[in-house]
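Peer 1: The following block contains a protein sequence and its predicted model.
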Amino acid sequence: MRVTYLESAAIVIEDEDTKILCDPWLVDGAYYGSWAHYPEPDFEPEDFNDADYIYISHIHPDHFDPATLERLDTDIPVLIHDYRWDYLREAIEELGFEVIELPHGERTQLNGDTHINVLAADGCDPELCGNFFGCTWYDTEAEKTGSTQVDSMAVVDNGEYTVVDTNDCPYPIAESVFQRIKHEYGHIDLLCHQYSAAQFYPQAVTNYDHETKLRERDRVIREKHELALEFIDIFEPDYYMPFAGEYVLAGNLAHLNQYTANPPRERAYEFFRQNVDPDEHECVFLNSGEYIDLETGERSAPFEPIDQEEKRRYIEEELAPRTFDYETDPMPTLSELKAYVPYAYENFEEKRERIGYNTDTTVLIPLLDDVCLELSANGEGYRYVTDVDVDDYDGYLKMEVDPRLLRRLFDGPHNAYWADAKIGSHIGISKEPDIYERGLFNCLGSFHTHGYDVETDADVEATETTEVTESAGD
């Protein structure tokens, strides 16, 4: 059995019977254009049309990438976890693929001796998920049992070699599942695990100065590396490959690359070499397109660190000039944006009440012409204010976003997701106190008009909306 590293979390696991393409994000432009690869891949998605299966762990764009799948053979069946909600399955089926949903924790035969076992990060335990994501209410509202967590992991074995692909599954939410895998499989030949941060923090925090962003970047990197040590301690693999969450920001966000918690791989390699006994567990970093043979431990080529100066040049000359799709949209008017708000607020409030979340933190979303939407998260409604001074608030979360992308976010998930825009660093965020209110961001994921027909171009609609919003919360 051998494992080939492609990009980020994209790998190929293959033996003489079966070839599995995992989480194929192979085309630049994930997260509304902001995420790109470096170095540029020297292969095309079509090069993997000989795969027997595609495994997609979860719906995040650096794992489920429609632009890549559109260039792959739709005759290749796609394996996913049997999530409680069907949004991932339906999105893949819309691209023309057959989707096979695999039950949590069941070792499934593919071809010959090759088996796959797909497990939910939360072990299908809604209490675990709720502790981290504030979503235990899914348990009572779902029509079927299944995972409430957005991520999954896979174990691939052929009776002789075993590979564990944890994707983005976070520790410690997945600790009990990790322990189960170790108990059931025993010896692990290769562990593929996360070691960096695929998130907006700290690069998109607008009230941090340069030094604070650098300090927080290094702290997050260290934190992620130390969590990765927990993965290694549990699985005790012969080989471990830190991967996933590797990206470069493009377009007008390219200047933020210096702050992302994505360290040079050689720097990460040194950390693991210093903290993990190489005689017990061997660290494997591979350049794109190279593989490790688990029978011999041999690599197709030695790992070569990238030239950081060449990377800087590529970012400045190739990535920074790129534009995002939404930047070609016409600029909305203030009235158009206001027309969305009452409907989005209704969905927001429904979500907030459903999960029982309440906070005195005020959400501030600048619109246009110095007008800012002031949104409460305790049932007191919303209003429009001008000349906002954040010092006037005891607690606030300010989210600055291009009005053209904001209109897409208001349109709803069929057009843009708040969470994806945040991860993609498209939203400038400042907050006081400086804490991450997970429940608040959970509710803001529903701050859109999906389910409503909003006639944003009608002046009368805008006028009526303004009158309604002034009294919202009464």
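Peer 2: Great, that's in hand.

Peer 1: contacts and neighbour counts: CA atoms only from here.
Peer 2: Will do.

Peer 1: ok, now which ones touch Glu7?
Peer 2: Counting by C-alpha atoms under 8 Å, 6 or more residues apart in numbering, Glu7 touches 25-26, 37, 41, 244, 246, 288.

Peer 1: hmm, which two among those residues are most spread apart?
Peer 2: Pro41 and Ala244 (15.4 Å; C-alpha to C-alpha).

Peer 1: Show me which of the two is the more surrounded one.
Peer 2: Counted by other C-alpha atoms under 10 Å, Pro41 and Ala244 do not tie: Ala244 has more neighbours, with 24 against 15.

Peer 1: Met322 - how many residues pack around it?
Peer 2: To be clear, residue 322 is Arg; Met isn't right here. Neighbour number of Arg322 under other C-alpha under 10 Å is 16.

Peer 1: how close does it get to Ala9?
Peer 2: Here Arg322 is placed at a distance of 24 Å from Ala9 (C-alpha to C-alpha, to the nearest Å).

Peer 1: Please tell me I have it right and Tyr239 contacts Pro278.
Peer 2: No: taking C-alpha atoms under 8 Å as the definition, Tyr239 is not a contact partner of Pro278, at 9.2 Å.

Peer 1: Let me see the contact set for Leu373.
Peer 2: Contacts of Leu373 (C-alpha under 8 Å, 6+ apart): 363-367, 382-385.

Peer 1: ok, 6 Å please
Peer 2: Contacts for Leu373 (C-alpha atoms under 6 Å, 6 or more residues apart in numbering) come out as 364-365, 384.

Peer 1: again with Cys283
Peer 2: Counted by C-alpha under 6 Å, 6+ apart, Cys283 has contacts 239-240.

Peer 1: Kindly provide the distance from it to Pro170.
Peer 2: 20 Å.

Peer 1: Ala91 now?
Peer 2: Ala91 is 24 Å from Pro170, by C-alpha to C-alpha.

Peer 1: higher neighbour count, those two?
Peer 2: Just comparing Ala91 and Pro170: by other C-alpha under 10 Å the higher neighbour count belongs to Pro170, 19 against 15.

Peer 1: At the geometric centre of the protein, which residue sits there?
Peer 2: His60 (4.4 Å; C-alpha atoms, centre = their mean).

Peer 1: Find the nearest non-adjacent residue to it, please.
Peer 2: In space, and not counting its chain neighbours, His60 is closest to Asp420: 7.6 Å by C-alpha to C-alpha, 6 or more residues apart in numbering.

Peer 1: pLDDT score for that neighbour?
Peer 2: pLDDT for Asp420: 96.

Peer 1: again with Cys135
Peer 2: Reported pLDDT for Cys135: 44.

Peer 1: can you check the one 10 residues further on too?
Peer 2: Reading off the per-residue confidence, Thr145 sits at a pLDDT of 50.

Peer 1: just the one 5 residues further on next, same as before
Peer 2: Val150 is assigned a pLDDT of 71 by the prediction.

Peer 1: One more: Gly245?
Peer 2: Value for Gly245, per-residue pLDDT: 88.

Peer 1: just Leu409 next, same as before
Peer 2: Confidence score, pLDDT, at Leu409: 98.

Peer 1: Is it correct that it is in contact with Ala416?
Peer 2: Yes: assessed by C-alpha atoms under 6 Å, Leu409 is found in contact with Ala416 at 4.9 Å.

Peer 1: and these two? which has more neighbours close in?
Peer 2: Applying other C-alpha under 10 Å to Leu409 and Ala416 shows that Leu409 carries more neighbours, namely 25 against 20.

Peer 1: what's that one sitting at in phi/psi?
Peer 2: Phi and psi for Leu409, reported as degrees, to the nearest 10, are phi -60, psi -40.

Peer 1: for it, what are its contacts?
Peer 2: 416-417.

Peer 1: Count the neighbours of Asp15 for me.
Peer 2: Counted with other C-alpha under 10 Å, Asp15 comes out at 17.

Peer 1: residue ranges for the helices of the stretch 301-450 of the chain, please.
Peer 2: 308-314, 334-355, 403-411, 418-423, 438-444 (DSSP state H, counting those that start in this stretch).

Peer 1: mind checking which of the ones you listed is nearest Glu455?
Peer 2: Here helix 334-355 is closest among the helices of the stretch 301-450 of the chain (C-alpha to C-alpha), at 7.7 Å.

Peer 1: can you give me the angle that closest one makes with helix 403-411?
Peer 2: 40 degrees (axes from the mean of the first three to the mean of the last three C-alpha atoms, to 10 degrees).

Peer 1: Where does pLDDT dip in the stretch 1-150 of the chain?
Peer 2: 124-149 (pLDDT under 70).

Peer 1: Quick one: the strands in it, in order.
Peer 2: With DSSP state E, counting those that start in this stretch, the ranges of strands along the stretch 1-150 of the chain come out as 2-7, 10-14, 19-22, 35-36, 53-55, 78-81, 99-102, 108-109, 115-120.

Peer 1: residues in contact with the third one?
Peer 2: Under the contact criterion C-alpha under 6 Å, 6+ apart, strand 19-22 has outside partners 10-13, 51-55.

Peer 1: Please tabulate the residues you listed in a markdown table, including the columns neighbour count and distance to Leu337.
Peer 2: As requested, the contacts of strand 19-22 are exported to a markdown table (neighbours: other C-alpha atoms under 10 Å; distance: C-alpha to C-alpha, whole Å):
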| residue | neighbour count | distance to Leu337 |
| --- | --- | --- |
| Ala10 | 22 | 38 |
| Ile11 | 26 | 42 |
| Val12 | 22 | 45 |
| Ile13 | 20 | 47 |
| Ala51 | 20 | 45 |
| Asp52 | 18 | 47 |
| Tyr53 | 19 | 44 |
| Ile54 | 23 | 40 |
| Tyr55 | 26 | 39 |
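
Peer 1: what two of the residues you listed are the furthest from one another?
Peer 2: Ala10 and Asp52 (15.4 Å).

Peer 1: quick one: Pro264 and Asp307, what's the gap?
Peer 2: For Pro264 relative to Asp307 (C-alpha to C-alpha), the value is 10 Å.

Peer 1: So which of the two has more stuff around it?
Peer 2: Taking other C-alpha under 10 Å, Pro264 and Asp307 do not tie; Pro264 has more neighbours (12 against 9).

Peer 1: sorry, back to before: of the contacts of Glu7, buried ones?
Peer 2: 25-26, 37, 244, 246, 288 (16 or more other C-alpha atoms under 10 Å).

Peer 1: What count of nearby residues applies to the spatially closest residue to Val276 that is not a sequence neighbour?
Peer 2: Of all residues not flanking Val276 in the chain, Leu229 sits nearest, at 7.8 Å (C-alpha to C-alpha, 6+ apart). Neighbours of Leu229 under the rule other C-alpha under 10 Å: 15.

Peer 1: Who is Val163 paired with across the strands?
Peer 2: The partner list for Val163 in beta bridges (DSSP bridges) reads Val156, Leu190.

Peer 1: can I get the CA coordinates of stretch 15-29 in CSV?
Peer 2: Only the C-alpha atoms of stretch 15-29 are listed here, as CSV (Å, rounded to 0.1, in the frame of the first residue of the first chain):
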residue,chain,number,x,y,z
ASP,A,15,-2.9,-0.9,-3.3
GLU,A,16,-3.1,-3.5,-6.0
ASP,A,17,-6.9,-3.7,-5.6
THR,A,18,-8.1,-0.2,-5.1
LYS,A,19,-7.3,3.5,-5.6
ILE,A,20,-9.0,6.0,-3.4
LEU,A,21,-8.8,9.8,-4.0
CYS,A,22,-9.4,11.6,-0.7
ASP,A,23,-10.7,15.1,-0.3
PRO,A,24,-9.7,16.4,-3.8
TRP,A,25,-9.3,20.1,-3.6
LEU,A,26,-7.0,20.5,-6.6
VAL,A,27,-8.1,23.8,-8.2
ASP,A,28,-7.4,27.3,-6.8
GLY,A,29,-10.3,29.4,-5.6
